[in-house]
Structures are given as C-alpha cells and as structure tokens.
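Colleague: Below are the sequence and a predicted model; questions follow.
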Amino acid sequence: MPYRRTPRIEARLSASRERIRAAALAVVAERGYAGFSIAAVARRAGVATGSVYRHFPSKSELVAEVFRVASQREVDAFARAASPARTAAEDLAAVIGTFARRALRAPRIAYALLAEPVDPAVDAERLVFRRAYAAVLAGLISRGIATGELPEQDVEVSAAALVGAIGEALVGPLAVGAARPDDRERHAATDPPAGLIPNLISFAQRSIGAVSDNA
C-alpha cells in the first residue's frame with residue numbers, strides 16, 4: 001500500500017512551505033535579488049537549508065515563486081484601484097497613482113519586480129504580469145470608448161504601451177531607492193521629483209485621449 005501523508009503532516013508541510021515563502025519575500029524586499037540566497041532564506045525562516053530545498057528544489061524555482069506572489073499582490077492592488085463608477089480620466093489617475101505610490105514606498109522590491117537582472121525564469125514571469133497589468137488598463141480603456149469618453153483606438157496596443165512607458169519612467173527612481181545608502185548619496189540628483197506621479201498620470205491621460213492636449 002502506497003504511503004499517504006496524514007492531514008497533520010500535510011498541514012505541517014504547508015505551514016513550513018508558507019514560512020519559507022514569506023522569508024524569501026522578506027529577503028528580496030530587504031536585499032533585492034542580488035542579495036538573495038537559499039542560506040539567507042533558511043536563516044530568516046528558522047529552518048535548515050535542506051528544508052528549503054525539500055519544498056523548492058532549486059534557487060531558480062524559489063525566486064520565481066517569490067516573484068509570482070509579490071507580483072500578484074501588486075496586480076491585485078492595481079485592479080482594485082479601478083472602478084467603473086469613475087470617468088476614464090479619473091480611473092486612469094487612480095490606477096496609475098496606486099501603482100506608482102506603492103512602488104516608490106517599497107523601491108527595493110518594486111525594482112526587483114520591474115527590472116532587476118535575475119534568473120530567466122523571472123524574466124518569463126515578468127511578461128505574464130505585464131500582460132495582467134495591460135488587461136486592467138485595456139478594460140478601463142474599453143469602458144471609456146463605450147461611453148464616448150475616449151476616442152476609438154487599438155485598446156491592446158494602448159494598454160501595452162502605457163504599461164511599458166510607466167514601468168520605464170519608474171525604473172530610474174526605483175533603482176536609486178533600491179541602492180545602498182552610499183550609492184543613493186552619489187546619485188541624489190536622480191531621486192524621484194515631487195511631480196513624478198502627476199506627470200505620469202497626465203502623460204497617460206493624454207496618451208489615450210482622456211484629456212485634451214490643451215487641458
């Protein structure tokens with residue numbers, strides 16, 4: 001008869017996996033991918049390195065799992081910020097403002113999610129989540145076209161372009177925020193300007209025709 005794990009053992013294994021995953025998220029939030037290691041995760045979780053490998057057979061697999069969890073959390077916050085009760089211009093301001101403020105409040109993990117060089121498995125996941133952000137924006141744009149607030153346009157192209165432009169605009173400020181203190185001092189001139197978020201919102205609204213260039 002094949003061995004079957006008891007519910008108690010399954011619960012213990014599930015709790016151990018969750019503790020390891022939470023520890024891995026904390027390590028990335030503090031150190032980025034550059035400072036990520038199985039040993040650091042094990043220390044944070046209070047387990048042996050072998051226990052980490054029993055749940056995640058490779059560093060690559062654990063890194064990808066961290067990315068998926070953290071990215072899904074941000075996509076969910078992005079989607080919750082949208083509301084059909086607002087105008088297209090207001091809704092775009094809400095979702096982009098939410099995304100940018102969350103990123104700038106936690107620059108190290110935001111930079112890790114957006115652009116930090118890492119394992120190819122994460123690069124593949126990045127494409128998946130870029131499409132998820134674009135899907136939220138596509139829904140917003142489609143509603144605006146249907147109500148006559150926005151001009152006719154290629155919804156998918158507009159949404160993808162906005163995701164790319166907003167991410168690119170934030171990479172520089174986030175890279176500085178994620179750097180070590182001595183690096184931040186050397187690059188203080190590149191700290192995010194006070195008008196960064198309003199400018200991002202204005203750019204996005206004009207890009208899809210939510211406001212006119214004369215507004």
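Modeller: Arrived safely.

Colleague: pLDDT value on Arg12, please?
Modeller: Predicted confidence (pLDDT) for Arg12: 77.

Colleague: Which strand or helix spans it?
Modeller: Assigned by DSSP states H and E, Arg12 belongs to helix 7-31.

Colleague: Show me what counts as buried in that helix.
Modeller: By 16 or more other CB atoms under 10 Å, the buried positions in helix 7-31 come out as Ser16, Arg17, Arg19, Ile20, Arg21, Ala23, Ala24, Leu25, Ala26, Val27, Val28, Arg31. Backbone N, C-alpha and C define where each C-beta goes, glycine included.

Colleague: list the helices and strands that helix packs on?
Modeller: Under the contact criterion of 3 or more CB pairs under 8 Å, 6 or more residues apart in numbering; DSSP states H and E, helix 7-31 touches helix 38-45, helix 49-55, helix 59-80, helix 107-114.

Colleague: Deepest in the core, which of those helices is it.
Modeller: By mean neighbour count, with neighbours taken as mean count of other CB atoms under 10 Å, helix 107-114 ranks first of the helices and strands packed on helix 7-31 at a mean of 24.

Colleague: what residues are up against Ser207?
Modeller: Counting by CB atoms under 8 Å, 6 or more residues apart in numbering, Ser207 makes contact with Ser158, Ala161, Leu162, Ala165.

Colleague: tell me which element the last one falls in.
Modeller: Taking DSSP H and E as the definition, Ala165 sits inside helix 155-178.

Colleague: just checking, what packs against that helix?
Modeller: helix 88-105, helix 107-114, helix 120-146, helix 181-186, helix 196-207.

Colleague: pLDDT score assigned to Arg186?
Modeller: Predicted confidence (pLDDT) for Arg186: 43.

Colleague: quick one: Ala85 and Val211, what's the gap?
Modeller: 19 Å (CB to CB, to the nearest Å).

Colleague: gap between Gly195 and Ala100?
Modeller: Noted for Gly195: a distance of 12 Å to Ala100, by CB to CB.

Colleague: So which of the contacts of Ser207 is surrounded by the most neighbours?
Modeller: Leu162 (24 neighbours; other CB atoms under 10 Å).

Colleague: which residues does that residue contact?
Modeller: Applying CB under 8 Å, 6+ apart to Leu162 gives the contacts Ala134, Leu137, Ala204, Ser207, Ile208.

Colleague: From the contacts of Ser207, pick the one nearest Ile38.
Modeller: Ala165 (36.2 Å; CB to CB).

Colleague: returning to that earlier point: if you rank the contacts of Leu162 by neighbours, which is first?
Modeller: Leu137 (26 neighbours).

Colleague: This completes my enquiry, with thanks.
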